[in-house]
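> need coordinates for the following:
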Amino acid sequence: MKKIFPKVPCKHCNRDIGTVALSKHEKVCLSKHKICICCDKGFIEKWKGQRFCSLSCSNTTNAKKPRKDNVYTTICFQFHEKKCIICDERNIVAVHHFNGNHSDNAPGNLVPLCPTHHTYVHSKFKGLVQEQINNYVQNFCST
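Just a heads-up that it's a prediction; the model follows:
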């Protein structure tokens, strides 16, 4: 004859679980039990890193997020032409802080570069572009 164990509700998901399996279930359930960052409703994580209880909450929260606007790019393109100073690329242009200080957004510190040449500056190939960048900054600051 089988023993029948009473069922009690899990304190995380409220499902009725047999008393023998309850502690194991609650341990797993706790690791998957999350709080929605939009509506503070509890939910069980279905995939790693899930932050919202539903697609509706995800869409609502993402729609309310302000677009991150990089002030330094706006400043750069007010004072510099939107093209790479090395190769004249105009479609995708990044902004390099000449002195390395990312809080210094003075126009003379901002240099428009394509992603490739911006990567060169931060790599062992810096020597291939550094002289042109130095000349550009020197000419810009002297005008």
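
> in the helix or strand hosting H117, what's buried?
Secondary-structure assignment from DSSP states H and E places H117 in helix 115-121. Buried residues in helix 115-121, counted by 16 or more other CB atoms under 10 Å: 117-118, 120-121. C-betas here are computed from N, CA, C, even on glycine.

> and for stretch 70-77?
Residues 72-73, 75-76 are the ones in stretch 70-77 that count as buried (16+ other CB under 10 Å).

> just the strands in the chain please.
All strands of the chain, identified by DSSP state E, fall at 7-9, 16-18, 33-35, 42-44, 94-97, 110-113.

> for the second one, buried residues please.
Counting neighbours by 16+ other CB under 10 Å, one finds that the buried residues in strand 16-18 are I17.

> against which helices or strands is it packed?
strand 7-9 (3 or more CB pairs under 8 Å, 6 or more residues apart in numbering; DSSP states H and E).

> make it 10 Å
The helices and strands touching strand 16-18, judged by 3 or more CB pairs under 10 Å, 6 or more residues apart in numbering; DSSP states H and E, are strand 7-9, helix 22-32.

> and those, which one's lowest on average pLDDT?
Lowest mean pLDDT within those: helix 22-32, at a mean of 74.

> domains of the protein?
With domains defined by automatic domain parsing, the chain comprises 7-64, 71-142.

> how far off centre is the first one?
Going back to what we said before, that points to domain 7-64. Relative to the mean C-alpha coordinate of its chain, domain 7-64 is positioned 24 Å out (CA atoms, centre = their mean, to the nearest Å).

> before we move on, what about the longest one?
For domain 71-142, the distance between its averaged C-alpha position and the chain's averaged C-alpha position is 23 Å (CA atoms, centre = their mean).
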